[in-house]
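Q: Sequence below, structure please.
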Amino acid sequence: ADLFDGIVMAEQRFHGEGFQEGLAKGSHTGMAEGRRYGALQGARISSEIGCYLGFALTWHCLLRKCTNERNRALDSLIGRIQKFPYEDPTYDQLQEDLEKIRGKFKQVCSMLNIQSDFRIGTERSSLTF
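A: Numbers count the residues shown, from 1 in each chain. As a prediction, this is how the structure comes out:
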């Protein structure tokens with residue numbers, strides 16, 4: 001009877017062992033893939049925000065003698081960028097704050113009568129005017 005139990009239960013035993021091995025390998029692979037994806041997305045967001053900051057600081061220097069609505073909008077954009085939580089990946093409102101920065105950037109471009117197009121490519125990121 002013991003000989004037949006081993007044969008009959010072999011399929012169930014191998015199924016369970018295969019499941020456990022697959023789960024362990026999938027978890028390890030998923031973590032590694034998640035880290036790579038997170039690093040890529042973080043780099044894209046940082047590149048975009050850095051480009052906005054460079055743009056805003058440059059225009060702020062060019063218009064420093066003016067005290068008008070454009071300078072106030074530039075100050076607001078710079079302030080939003082400086083308050084952005086770069087080091088907290090668990091920040092709940094990260095996407096909302098990023099959208100506000102993008103909106104403020106578009107507003108500043110409109111006020112400066114500049115067409116902006118931020119693209120992230122495989123080779124480089126750029127603003128084109």
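Q: isn't Gly38 right next to Pro89, touching?
A: Yes: at 7.3 Å, Gly38 counts as touching Pro89 under the criterion of C-beta atoms under 8 Å. (C-beta placed from N, C-alpha, C; glycine too.)
Q: and the lengthiest helix in the chain, what does it pack onto?
A: Longest helix in the chain by number of residues (criterion: DSSP state H): helix 2-62. Judged by 3 or more C-beta pairs under 8 Å, 6 or more residues apart in numbering; DSSP states H and E, helix 2-62 is in contact with helix 69-83, helix 94-111, strand 118-120, strand 125-127.
Q: Mean confidence (pLDDT) on that helix, please.
A: Per-residue pLDDT over helix 2-62 has a mean of 88.
Q: From the chain's centroid, how far away is it?
A: Put simply, helix 2-62 sits 15 Å off its chain's centre (C-alpha atoms, centre = their mean, to the nearest Å).
Q: Also stretch 59-68?
A: For stretch 59-68 - counting by C-alpha atoms, centre = their mean - the centre lies 31 Å from the chain centre.
Q: Can you tell me what sits against it?
A: 70-71, 74-75, 78, 108, 112 (C-beta atoms under 8 Å, 6 or more residues apart in numbering).
Q: same check, this time on stretch 99-113
A: In contact with stretch 99-113 (C-beta under 8 Å, 6+ apart) are residues 49, 52, 55-56, 59, 69-70, 73-74, 76-77, 80-81, 84, 115-116.
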